[in-house]
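Trainee: mind folding the following:
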Amino acid sequence: MKSDNNTDNQERKNTSAVNRRLFLRSAGLATSIGAFALSCKDDDPDPMNPGTDTVDLGSGDTGVLNYAYALEQLEAAFYTQVIATPYAGMTDAEKTILTDIRDHEIIHAEFFKKALGANAIKGLTPNFASIDFTKRDAVLGAAKLFEDTGVAAYNGAGKLIKDGGILLLAGKIVSVEARHAAVIRDLLTPKTAGFAGDDIVDANGFDKAVAPADILAAVKGYVKDTINGANVGK
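Mentor: So this is what the prediction gives:
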């Protein structure tokens, strides 16, 4: 019985530790979600005509960071909408996955905003009019597009980063984005090799790397603002 009691005590300690970590993570996340929501609202200079500015990402590493910040804003806004208005038939498992992705994207966006400080671009205004958030295939299809694009964007911008510390952080973030891309693809085509299909991974086992100009052209329909990335990395 003594052994059983020791086991019970250890399990309670483990559970308590997990609960503390979850509480701290949730508290920090709540702050990030609130900050993200406020940044999207407060940074519009003209409430009568939001999202029509030309946003210049800047040059050098600042431009690369703003480029990443812009993409993270887009993804964070998308998943925030997905969770706010769940598509028909969303399972508990799917909601858990999509909520986790939302939380990651918000944290990423807030990280870049803080890192950039006064050099950060404003909160962008997304345009998701083409996405039917009531339909599973439409939402997951858009998620697949955003995640694949995000991974290719980080891969393509890596060579432009001059600061080794920033490059290290970008590598940590792109690895998380790749996990997102894999799980979204698995939700669309479960139990297949689609999570690492040859449309994204080449014969050498390398993922796609796409230049900022091509990425910005691909996502411009999902943002009301005009984004100028001509000097990113220069």
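
Trainee: quick one: the helices in this protein?
Mentor: In order along the chain, the chain carries the following helices (DSSP state H): 2-42, 60-84, 92-116, 136-157, 164-188, 212-219.

Trainee: least confident of the ones you listed, on average?
Mentor: Out of the helices of the chain, the stretch the model trusts least by mean pLDDT is helix 2-42, with a mean of 47.

Trainee: how close does I83 sit to I97?
Mentor: 11 Å (Cβ to Cβ, to the nearest Å). (C-beta placed from N, C-alpha, C; glycine too.)

Trainee: these two: which has the busier surroundings?
Mentor: I97 (17 against 14; other Cβ atoms under 10 Å).

Trainee: now do the same contact list for the spatially most central residue of the chain.
Mentor: By Cα atoms, centre = their mean, the mean C-alpha position of the chain lies nearest to E105, the distance being 3.3 Å. When contacts are counted by Cβ atoms under 8 Å, 6 or more residues apart in numbering, E105 is found next to 72, 75-76, 78-79.

Trainee: if we go to 10 Å?
Mentor: Contacts were defined as Cβ atoms under 10 Å, 6 or more residues apart in numbering; by that measure E105 touches 36, 71-80, 146-147, 150, 176-177, 180.

Trainee: out of these, which are buried?
Mentor: 36, 71-80, 146-147, 150, 176-177, 180 (16 or more other Cβ atoms under 10 Å).

Trainee: residues near the closest residue to M90 other than its chain neighbours, how many?
Mentor: Nearest non-adjacent residue to M90, counting by Cβ to Cβ, 6 or more residues apart in numbering: R136, 7.1 Å away. Under the neighbour criterion other Cβ under 10 Å, R136 is assigned a count of 18.

Trainee: these two touch, right, R136 and I184?
Mentor: No. Taking contacts as Cβ atoms under 10 Å, R136 lies outside contact range of I184: 11.7 Å.

Trainee: T192 and M90, how far apart?
Mentor: Distance, T192 to M90, using Cβ to Cβ: 21 Å.
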